[in-house]
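1. Next comes the sequence, and after it the predicted model I'd like to discuss.
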Amino acid sequence: MGRGGRLFSLLRPYAPLFIANLVATIVASVLNGATFVLLIPFLRTLFGQQPLPAAGGSTVERVLAAVAGPLFSAGSRR
């Protein structure tokens, strides 16, 4: 058994904790990305533009319009 095998044998009792840590890291990274995506409509509103473009836009903006579009239109001042 090489060094790697010995290392993994020491990791075996902590495998569930290690896997939970990996899953939590992936979830945190996805939520961090979602934070930046959700900043787009708020910054547009702050600078006097429409939160989401009526037509066109990038793929991220189209997905955001489909997912959170009703929430942004419900909270608009118009």
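-> All right, it came through fine.

2. in this protein, which spans are strands?
-> In the chain, no segments count as strands under DSSP state E.

3. any idea which helix is longest in it?
-> Looking across the chain with DSSP state H, the single longest helix is helix 15-46.

4. so where's this protein shaky on pLDDT?
-> Scanning the chain for pLDDT under 70 picks out 1, 56, 73-78.

5. what's the longest helix of the chain packed up against?
-> helix 59-74 (3 or more Cβ pairs under 8 Å, 6 or more residues apart in numbering; DSSP states H and E). C-betas here are computed from N, CA, C, even on glycine.

6. other SSEs contacting the helix it packs on?
-> helix 15-46.

7. Now find how far off-centre the helix it packs on is within its chain.
-> Relative to its parent chain, helix 15-46 has a centroid offset of 4 Å by Cα atoms, centre = their mean, to the nearest Å.

8. Run the chain-centre distance for stretch 12-29.
-> With Cα atoms, centre = their mean, you get 18 Å for stretch 12-29.
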